[in-house]
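1. Pasting a predicted model and its sequence here:
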Amino acid sequence: MANIKSAIKRARQNTKRNALKSSQRATTRTAVKAVLNAIEENNKDSAKEALAKAEKTLDSMAGKKVITKNKASRTKSRLSKKVKALT
C-alpha cells in the first residue's frame with residue numbers, strides 16, 4: 001500500500017477508472033458481437049443497423065480513450081467489410 005498522500009489518491013482514482021473503463025469495454029464488445037451475430041444469421045438489414053450502433057459506440061469509446069482511435073477504425077473497417085460481403 002502506498003504511503004504518500006498523492007500515491008494513495010492515485011490508487012483510489014485508478015480503481016474507480018478501471019471499474020468504469022471495464023464496463024465501457026464490455027459495452028463495446030457487446031455492440032461488436034451484435035453485428036457478428038447478425039452477420040452469422042445472414043440478416044443484412046439487422047447487420048446494418050447493428051453496425052451503425054457499433055460504429056457510434058466505437059467512436060464514443062475512442063473519444064473517451066477506452067480504446068485507441070486505430071483500434072476503433074480497424075474494427076469498424078473489418079465489420080463493414082463483412083456486412084458488405086453479405087448477399
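-> Noted; the coordinates are in hand.
2. From now on I want contacts and neighbour counts done on CA atoms only, so please keep to that.
-> OK.
3. so what secondary structure elements neighbour the longest helix seen in the chain?
-> Across the chain, the helix with the greatest residue count (assigned by DSSP state H) is helix 5-40. For helix 5-40, the elements it packs on are helix 44-63, helix 69-84, judged by 3 or more CA pairs under 8 Å, 6 or more residues apart in numbering; DSSP states H and E.
4. Single out the most deeply packed of those.
-> Relative to the other members of the helices and strands packed on helix 5-40, helix 44-63 carries the highest mean neighbour count by mean count of other CA atoms under 10 Å, namely a mean of 19.
5. In terms of secondary structure, what does that one contact?
-> When contacts are defined as 3+ CA pairs under 8 Å, 6+ apart, helix 44-63 packs onto helix 5-40, helix 69-84.
6. Adding mean pLDDT and distance to residue 59, write those out as TSV.
-> Rendered in TSV, the data for those read as follows (pLDDT from 0 to 100; distance: least, CA to CA, whole Å):
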stretch	mean pLDDT	distance to residue 59
helix 5-40	96	10
helix 69-84	96	6
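7. Now render those as JSON lines, adding distance to residue 60.
-> Rendered in JSON lines, the data for the helices and strands packed on helix 44-63 read as follows (distance: least, CA to CA, whole Å):
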{"stretch": "helix 5-40", "distance to residue 60": "9"}
{"stretch": "helix 69-84", "distance to residue 60": "9"}
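8. So residue 64 versus residue 3, what's the distance?
-> According to CA to CA, to the nearest Å, residue 64 stands 30 Å off from residue 3.
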